[in-house]
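Student: After the sequence you'll find the predicted model.
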Amino acid sequence: MYIARGSEENIRRSIIDGVDKRLVESKLGIQIPREAVDSYGNVHLWGVPSGGYAEKQWRSMKDGDMLLIIPTMRRGVADHCYVTIVVGKYPTDGSNRDSEKALELSKLIWKPYRRRQGVVSEYPYLVFVNSRVRAERFEEIIEVLNVKDLKSITGYRSSVVRVDPRKINRETLQKLVSKILATPEKSLLQELIEETYLELSAKYGWHPVNCYWYSLKYNVCYGAPIFLGGREVWGKEGLFEELNRKLARRGYAGITWDYFRDIMRSIEVQGVIWVNWFIAPNGKVEPHDITIMKPTFTHHQ
């Protein structure tokens, strides 16, 4: 297992959303590992700066290793991290020419990352990761790493560090790997979110006077403001809980509220999908409800 750090924006750009496969292949001139490409044709990857300890750790990575990425927060300390699996690296032979290709691509993907040691703006060593990504609370990672507190995790300051295998709880690690592999891709999650949205719209009897888009499958109009739920956040259930029940029925692992929040941040389309955010009882700004005006991720009428 390896632990990396990065800004929330950079994590969202390449780990959660992914990068257009055509861009990556045109810059690198290689075939991307299929496990790193989602059904939208986006490549999921991470970048490592050159020199020092981080580069040394990158060279020791191999396919199948787990990569845990901790977001750096402008204020406070993150309470969750992103977990995925390494499926490839670039450059494969360490040539300067290939490193230059990776460096050119990295400048198109990631913004400079500010840390205590200075600003990192170049990432010539790439890690391709499985397109199935999980956001997990530190409590679960603590169990995997056999540590007593969060400081043991959040205290790492290097861009990439390797966790001593002797410190890892193999049984809980395997459970986490199984959850990653059973996590649906973001594209499927978006489709299921829209389906759940329509199901709840029909359940609540949404029948406006002006109906611009109508779903024949669910016999309901688009355009209803649907409460997102999150019992631990808002105190009652909504679309989030219904989505996880749907995932369970289909044999997938449920997603966490942290990952659901990330999806809500990236799902908005101007004039088509919008999410209202309010200050929740926990004191944080959280997604509260969603409105979808027309078919966006589903293919049914």
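Tutor: It's in. Residues are numbered from 1 along each chain as shown.

Student: Tell me where the stretch 201-301 of the chain has strands.
Tutor: Secondary structure of the stretch 201-301 of the chain (DSSP state E, counting those that start in this stretch): strands at 214-215, 220-221, 225-227, 273-279, 285-292.

Student: Gln174 is nearest to which of the ones you listed?
Tutor: The closest of the strands of the stretch 201-301 of the chain to Gln174 is strand 285-292. By C-beta to C-beta, the value is 32.2 Å. C-betas here are computed from N, CA, C, even on glycine.

Student: Tell me which strands the longest strand along the chain pairs with, and in which orientation.
Tutor: Longest strand in the chain, counting residues (DSSP state E): strand 80-90. Here strand 80-90 has these sheet partners by DSSP bridges: strand 66-72 (antiparallel), strand 125-129 (antiparallel), strand 134-137 (antiparallel).

Student: So which of those is nearest Gly47?
Tutor: Using C-beta to C-beta, the strands paired with strand 80-90 put strand 125-129 closest to Gly47, at 5.8 Å.

Student: Next up, the contacts around the closest residue to Glu143 other than its chain neighbours.
Tutor: Leaving aside its chain neighbours, Glu143 sits nearest to Thr172 (5.0 Å; criterion: C-beta to C-beta, 6 or more residues apart in numbering). Thr172 makes contacts with 140, 143-144, as judged by C-beta atoms under 8 Å, 6 or more residues apart in numbering.

Student: Can you select the buried ones among these for me in PyMOL?
Tutor: Below is the selection syntax for PyMOL that covers the buried ones among the contacts of Thr172, with 16 or more other C-beta atoms under 10 Å defining burial:
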select buried, resi 140+144
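
Student: any idea how far the nearest residue to Lys89 once chain neighbours are set aside is from Ala78?
Tutor: Distances taken as C-beta to C-beta, 6+ apart place Val127 nearest to Lys89, at 5.7 Å, with adjacent residues excluded. Note on Val127: its distance to Ala78, by C-beta to C-beta, to the nearest Å, is 20 Å.

Student: Tell me which of these two has more neighbours.
Tutor: With neighbours defined as other C-beta atoms under 10 Å, Val127 and Ala78 compare such that Val127 has more, 25 against 17.

Student: Which secondary structure element is home to the residue nearest to Tyr252 when sequence neighbours are not counted?
Tutor: The spatially closest residue to Tyr252, leaving aside those adjacent along the chain, is Pro184, at 4.9 Å (C-beta to C-beta, 6+ apart). For Pro184, there is no host helix or strand (DSSP states H and E).

Student: so Pro184 touches Lys246, yeah?
Tutor: No: counting by C-beta atoms under 8 Å, Lys246 is not a contact partner of Pro184; they are 10.2 Å apart.

Student: what touches both of the two?
Tutor: With C-beta under 8 Å, 6+ apart, Pro184 and Lys246 have common neighbours Leu192.

Student: what about Ile279, how many residues close to it?
Tutor: Counted with other C-beta under 10 Å, Ile279 comes out at 10.

Student: just the one 4 residues further on next, same as before
Tutor: One way to gauge burial is a neighbour count; for Gly283, by other C-beta under 10 Å, it gives 7.

Student: For Val233, see how far away it is.
Tutor: From Gly283 to Val233 the distance is 11 Å (C-beta to C-beta).

Student: related to what we said a few turns ago, what count of nearby residues applies to the residue nearest to Tyr252?
Tutor: 17.

Student: measure the closest residue to Ser266 other than its chain neighbours to Leu198 for me?
Tutor: Closest residue to Ser266 apart from its sequence neighbours, by C-beta to C-beta, 6+ apart: Asp17 at 5.8 Å. Using C-beta to C-beta, we find Asp17 at a distance of 24 Å from Leu198.

Student: Could you do Lys101 as well?
Tutor: Lys101 is 44 Å from Leu198, by C-beta to C-beta.
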